[in-house]
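Trainee: Sharing a model that was predicted from the sequence below.
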Amino acid sequence: MSRKYIDCREFPSETQCSVALSADSEKELLDAAAQHAVSVHKHTDSPELRAQLKTMFHDGTPPLEARRV
C-alpha cells in the first residue's frame, strides 16, 4: 500500500492553513483529516465531510510547496 496525503495549502482559506497530513492507510488519514477539519476549520464530523475529504487524498507524500488545484 502506498502512502497517502491531504494538504490544506491546496484550498485557500481565511486561516491560510499550511497543514499537510500523511499516513500509510486511508483510514488513518481519514480519521486525522476529519479531526483536523473539526478542530481547526470548525466543520462538523459527518459521513458527508468524510466522503468529501477522501476525494482530496493524493498518493505519495506532500510536496514542499503547495500544489494549486
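Mentor: That came through, no problem.
Trainee: Check the secondary structure at Ser2 for me.
Mentor: Secondary structure, DSSP: H, G, I helix; E, B strand; the rest coil: Ser2 is coil.
Trainee: Next up, the contacts around it.
Mentor: Neighbouring residues of Ser2 by CB atoms under 8 Å, 6 or more residues apart in numbering: Asp59, Gly60. In short, each C-beta sits where N, CA and C put it, glycine included.
Trainee: Adjust the sequence numbering to begin at 37 for everything that follows.
Mentor: Understood, numbering begins at 37; the last thing we discussed is Ser38.
Trainee: Check it and give its pLDDT.
Mentor: pLDDT recorded at Ser38 is 89.
Trainee: can you pull out the helices in the protein?
Mentor: 62-75, 83-90 (DSSP state H).
Trainee: Measure how the first one sits relative to helix 83-90, angle-wise.
Mentor: Right, helix 62-75. Inter-element angle recorded for helix 62-75 and helix 83-90: 110 degrees (by axes from the mean of the first three to the mean of the last three CA atoms, to 10 degrees).
Trainee: Identify the residues contacting helix 62-75?
Mentor: 40-42, 44, 55, 57-59, 79-81, 85-86, 89-90, 92-93.
Trainee: out of these, which are buried?
Mentor: Burial by neighbour count, 16 or more other CB atoms under 10 Å: within those this picks out Lys40, Tyr41, Ile42, Cys44, Leu57, Ser58, Ala59, Leu85, Leu89, Phe93.
Trainee: So the second one is in contact with Leu89, correct?
Mentor: So the one you mean is Tyr41. No: when contacts are counted by CB atoms under 8 Å, Tyr41 is not listed as touching Leu89 (11.8 Å).
Trainee: before we move on, back to that, what I need now is the buried ones among the contacts of helix 62-75 written out in TSV, including distance to Pro99 for each item.
Mentor: TSV is the format used below for the buried ones among the contacts of helix 62-75 (distance: CB to CB, whole Å):
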residue	distance to Pro99
Lys40	14
Tyr41	9
Ile42	13
Cys44	13
Leu57	14
Ser58	11
Ala59	16
Leu85	24
Leu89	19
Phe93	14
